[in-house]
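> Got a predicted structure plus its sequence, pasted below:
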Amino acid sequence: SRVQAQTLLARLAEGLTNPVNESSIARDLDIDSKTVKARIEALQLSFITWPCYEMKQGSPNLRAQNKVYFLDPLLARLAHLRSPDATPPPRQPMLSEQQLGLALHRHYEVVHRGSFPRFDQLMFERPTRKEIDFIAPWMHRVPIEGKYTSGAWRKEAETMKAAYQAGVMATRSTIDFDDQIRAMPAPILALLLDNS
């Protein structure tokens, strides 16, 4: 129904940067979790959303919950635009992470034509209780974390540093190249990816 479709889009936007709990969404929609899974797959096949799988031994872990990002920030705001009083808009840090992931996919597509629709070469990883937003074998295992902050960011980089000793922190406006974990504004990183 229209209400269920609105609720599904709202739940996906609300949990934009977290693995999707299909059972929880199914309870909220009062439908079977297989139906939720089918609807999310339909959104992906329609290029409304894209999946980000958890990495296990360098490959997508298809048994784990994956994240679901929208292909366009406007699509992520759709539930809010249709019902602004009932549905809050996605927060800017979430949209920044989503668009950073999309820039990484576009970059990979330039080198490996036809890879874009598969969405299997960019994953997130959980080396500890905290996760790393984006990592892939083709990135020479250099992790990228999207933290849309202008302030302290080093604490957020500890997971990358412990697991990989290096990485890139995509910030709001901070630039810092004085360590193995480099910080740069997410728009600049996306621009560099689109032009390399």
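Alright, I've got the coordinates.
> Check the gap between residue 37 and residue 130 for me.
Look at residue 37 and residue 130: by CB to CB, to the nearest Å, they are 27 Å apart. Bear in mind the C-beta positions are built from the backbone N, C-alpha and C, glycine included.
> ok, now residue 97?
Going from residue 97 to residue 130 by CB to CB gives 14 Å.
> Comparing those two, which residue is more hemmed in?
Per other CB atoms under 10 Å, whichever of residue 97 and residue 130 has more neighbours is residue 97, with 26 against 13.
> quick one: pLDDT of the more buried one?
As summarised for this prediction, residue 97 has a pLDDT of 95.
> wouldn't it be in contact with residue 149 here?
No - using CB atoms under 8 Å, residue 97 is not in contact with residue 149; the gap is 11.8 Å.
> Could I get the pLDDT score of residue 113?
Residue 113 carries a pLDDT value of 91.
> Beyond the helix ranked longest in the chain, next helix or strand please.
If you go by DSSP state H, the chain has its longest helix at helix 92-111. Note on helix 92-111: by DSSP states H and E, the next helix or strand toward the C-terminus is strand 123-125.
> partners of that next one, with directions?
Each strand paired with strand 123-125, and its direction, by DSSP bridges: strand 49-56 (parallel), strand 132-135 (antiparallel).
> Run the chain-centre distance for it.
9 Å (CA atoms, centre = their mean, to the nearest Å).
> re earlier: export the strands paired with strand 123-125 to a markdown table and tack on distance to residue 193, mean pLDDT and mean neighbour count?
Below are those laid out as a markdown table (distance: least, CB to CB, whole Å; pLDDT from 0 to 100; neighbours: other CB atoms under 10 Å):
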| stretch | distance to residue 193 | mean pLDDT | mean neighbour count |
| --- | --- | --- | --- |
| strand 49-56 | 16 | 94 | 21 |
| strand 132-135 | 11 | 94 | 24 |
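> Would you mind telling me which of these is nearest residue 16?
Smallest distance to residue 16 across those (CB to CB): 9.9 Å, for strand 49-56.
> How about residue 88: what's its closest non-neighbour residue?
residue 80 (6.4 Å; CB to CB, 6 or more residues apart in numbering).
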